[in-house]
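> need a 3D model of the following:
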Amino acid sequence: MSIIVRAKIIAIKTSFIDEEILLQSLERCNIKFVKTSKNAIKLSELDITFIRKNGKYVAVFEELEEVEEDLIVGSSIGETVEIGRKRMSVNKVLSDVKTEYLKIIKERIEETKKISEYKEKMLKEIQLEKDRKKQEILLERKRKNLERLKKKMELERQKEIQEKVDELKEKARRLGYSIEEKVEKNERILVLVRR
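The predicted model follows:
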């Protein structure tokens, strides 16, 4: 009976794009891990390492087994029952991590939607406030313009009245009369007096 030392590295199809979400998924699954380098995350309990390749983290499972040759069961790959169990355990862990990863992505999408809706609501409120202030400014301008116009019209009216009074005084003087002005209850009364 001889002992065979076998090392196989199996890359698993599941890949993770976002490192932050991957780390959060591992934490949520209560999996202990160590970031061994800038591009590698090693799980403490299993022989799984996530390696960044082409911008994605790929799970790599390393099998290193010493097996007696006569315990080899199965195909030409030479899997033992123990290795099969380990691989099932690895697949379960990766499935759990992937599930959490997708949950976190959904949560972030929902959070982004809420933020977007809130932002849109705030922008509408800001726009309404700007429109309201703009309306107030326009109304204030109109009010001031109307006041100015009213004063101008009042001055023109007073000027016309004074011109007519002066004209009447001149006619009265030519005819030998004088005009006296009396004010009663905000009214000017002209009285024609013979000289």
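
> downstream neighbour of the one helix or strand residue 119 maps to in the secondary structure list?
In the assignment (DSSP states H and E), residue 119 maps to helix 81-175. Next in sequence after helix 81-175, counting helices and strands by DSSP H and E, comes strand 177-184.

> strand partners of that following strand, parallel vs antiparallel please.
strand 187-194 (antiparallel) (DSSP bridges).

> next, the angle from the strand it pairs with to helix 81-175.
In terms of direction (axes from the mean of the first three to the mean of the last three CA atoms, to 10 degrees), strand 187-194 departs from helix 81-175 by 10 degrees.

> so how far is strand 187-194 off the chain centroid?
Taking CA atoms, centre = their mean, to the nearest Å, one finds the center of strand 187-194 at 76 Å from the center of the full chain.

> summarise which helices and strands the helix holding residue 119 is packed against.
strand 3-16, helix 19-28, strand 48-53, strand 56-68, strand 177-184, strand 187-194 (3 or more CB pairs under 8 Å, 6 or more residues apart in numbering; DSSP states H and E). (Each C-beta comes from the backbone N, C-alpha and C, glycine too.)

> can you rerun that using 7 Å?
Applying 3 or more CB pairs under 7 Å, 6 or more residues apart in numbering; DSSP states H and E, one finds that helix 81-175 contacts strand 3-16, helix 19-28, strand 56-68, strand 177-184, strand 187-194.

> rank the ones you listed by pLDDT, which is bottom?
For those, the weakest mean pLDDT is recorded on strand 3-16, namely a mean of 56.

> how close does residue 33 sit to residue 134?
56 Å (CB to CB, to the nearest Å).

> with neighbour numbers in mind, choose between these two.
Set residue 33 next to residue 134 and count neighbours by other CB atoms under 10 Å: residue 33 wins out with 19 against 10.

> which residues touch the more buried one?
By CB atoms under 7 Å, 6 or more residues apart in numbering, the residues touching residue 33 are 26, 41, 42, 43, 44.

> of those residues, closest to residue 92?
Residue 92 lies nearest to residue 43 out of these, by CB to CB, at 12.8 Å.

> measure that closest one to residue 19 for me?
In terms of CB to CB, residue 43 sits 15 Å off from residue 19.

> more neighbours: these two, which one.
residue 43 (21 against 16).

> what's the more buried one in contact with, if anything?
31, 33.

> so what sits opposite it in the bridge?
Bridge pairing for residue 43 - DSSP bridges - gives residue 33.

> repeat for the one 5 residues further on
Here residue 48 sits in beta bridges with residue 61, going by DSSP bridges.

> what about it, neighbour count?
Neighbour count for residue 48, taken as other CB under 10 Å: 22.

> for the protein, which spans come out with low pLDDT?
Residues of the chain meeting the criterion pLDDT under 70: 1-13, 62-87.

> try 80
Across the chain, the ranges flagged by pLDDT under 80 are 1-14, 44-47, 60-90, 186, 188, 192, 194-195.

> residues contacting residue 114?
Contacts of residue 114 by CB under 7 Å, 6+ apart: none found.
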